[in-house]
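**Student:** what's the 3D shape of this:
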Amino acid sequence: MKAAVWYKAKDLRVEKVEEPQVNGKHDVKIKVGWCGICGSDLHEYAAGPIFIPVDAPHPISGGQAPIVMGHEFAGEVVDVGSAVTKVKPGDRVAVEPILAPHENGRYVDAKYNLSPQLGFHGLSGGGGGFSEFTVVGEHMAHKLPDELSDEQGALVEPAAVAVHAVRQSSLKVGDTAAVFGAGPIGLMVIDALKAAGASAVYVVELSKERQQKARNLGGIIVDPERAVDDIHADCGGVDVSFEVTGVPKVLNMALHSTHTGGEAIIVSIWESEASFQPNDLVIAERTMKGIIAYRDIYPQVMELMKSGFFSADDMVTSRIGIDDVVDSGFEALLHDKSHVKIMVKPS
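**Tutor:** Presented below is the predicted three-dimensional model:
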């Protein structure tokens, strides 16, 4: 079968690989319907490795570069191990790609996304969604409601990041928020904030096309050059800000956009260090908090999707085949910021 295989930064190859099979009793084999290109994928392509194991195999997947990429995906179950009870062949599923300690078809740790062994199927070996078939553990497969398409199912993973970020914040119904960066995760944070009852969501984004998408979701667009001043002039500073760019300068903007006692949530994965003045936290009694991925949240995300949140119509800007994943996928996202989410059809 064909797959997109990462060898090193800027070296992603579409090539033939062996089709995986069910070996373990809790294995689930999936024919991938759609797989989205994530910002984390883009970081790995442009400047990795970050999560991709290069010097040694990943302790859970046993995989090591070169690895098949793709962790935002959904598809149809085609085979299962002897002990699988959660899904059956013919079921459509969204995959929770977190690699963390597990046994008997379940994650072991309550906060499994914080495991020191954390990895991701499609980033840390073991297969991935940029291939026709892949095999995951039963604990990673969530049955899709009939109301959601495979493409919508491929958006459950990034939507879970956004919902987790909002749920881990101190935001309460009626609070104000600011979102720095209106890429796929940023747009989904806006939607998650609306679902959580934010009264106003200010959005800072350079791309005019992404600004319009944020506006369509109810965001209040703020001039990036005057973002902090304009937010303070309008509301006295937001209750919670969300940094979703990974740009060092923006980290400080997100921090300063909050009022005294406010909170800044860092959602981005970073390619380099970023600095800030600790007194900006101390003197204003602000809080800065990071989040990684999600946990125990896929069912809630799919219920929100059934209510119209995180719609593929709002997020997907291009659909391509696996042969075009480099030029029309990764390179397009690097050089054309009008794109939001590009979906890949592996078969």
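**Student:** Return the distance of Phe51 relative to Gly128.
**Tutor:** 12 Å (Cβ to Cβ, to the nearest Å). (C-beta placed from N, C-alpha, C; glycine too.)
**Student:** Name the residue in these two with the higher neighbour count.
**Tutor:** Gly128 (30 against 21; other Cβ atoms under 10 Å).
**Student:** Now for that one: which residues touch it?
**Tutor:** 3-4, 35, 67-71, 121-122, 134 (Cβ atoms under 8 Å, 6 or more residues apart in numbering).
**Student:** Could I get the contacting residues of the spatially most central residue of the chain?
**Tutor:** The centroid of the chain falls nearest to Pro158 when counting by Cα atoms, centre = their mean (3.2 Å). Counting by Cβ under 8 Å, 6+ apart, Pro158 touches 36, 38, 72, 184-185, 188, 341.
**Student:** Could you save the contacts of Gly128 as JSON lines and add columns showing neighbour count and distance to Leu304?
**Tutor:** Shown next, in JSON lines, are the contacts of Gly128 (neighbours: other Cβ atoms under 10 Å; distance: Cβ to Cβ, whole Å):
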{"residue": "Ala3", "neighbour count": "28", "distance to Leu304": "31"}
{"residue": "Ala4", "neighbour count": "29", "distance to Leu304": "29"}
{"residue": "Cys35", "neighbour count": "33", "distance to Leu304": "21"}
{"residue": "Ile67", "neighbour count": "26", "distance to Leu304": "31"}
{"residue": "Val68", "neighbour count": "24", "distance to Leu304": "30"}
{"residue": "Met69", "neighbour count": "30", "distance to Leu304": "27"}
{"residue": "Gly70", "neighbour count": "31", "distance to Leu304": "23"}
{"residue": "His71", "neighbour count": "27", "distance to Leu304": "20"}
{"residue": "His121", "neighbour count": "28", "distance to Leu304": "23"}
{"residue": "Gly122", "neighbour count": "35", "distance to Leu304": "23"}
{"residue": "Thr134", "neighbour count": "29", "distance to Leu304": "26"}
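**Student:** export these to JSON lines and tack on pLDDT, secondary structure and distance to Val163?
**Tutor:** Shown next, in JSON lines, are the contacts of Gly128 (pLDDT from 0 to 100; DSSP: H, G, I helix; E, B strand; the rest coil; distance: Cβ to Cβ, whole Å):
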{"residue": "Ala3", "pLDDT": "98", "secondary structure": "strand", "distance to Val163": "29"}
{"residue": "Ala4", "pLDDT": "98", "secondary structure": "strand", "distance to Val163": "27"}
{"residue": "Cys35", "pLDDT": "98", "secondary structure": "strand", "distance to Val163": "20"}
{"residue": "Ile67", "pLDDT": "98", "secondary structure": "strand", "distance to Val163": "27"}
{"residue": "Val68", "pLDDT": "98", "secondary structure": "strand", "distance to Val163": "27"}
{"residue": "Met69", "pLDDT": "98", "secondary structure": "coil", "distance to Val163": "24"}
{"residue": "Gly70", "pLDDT": "98", "secondary structure": "coil", "distance to Val163": "21"}
{"residue": "His71", "pLDDT": "98", "secondary structure": "coil", "distance to Val163": "17"}
{"residue": "His121", "pLDDT": "98", "secondary structure": "coil", "distance to Val163": "20"}
{"residue": "Gly122", "pLDDT": "98", "secondary structure": "coil", "distance to Val163": "20"}
{"residue": "Thr134", "pLDDT": "98", "secondary structure": "strand", "distance to Val163": "24"}
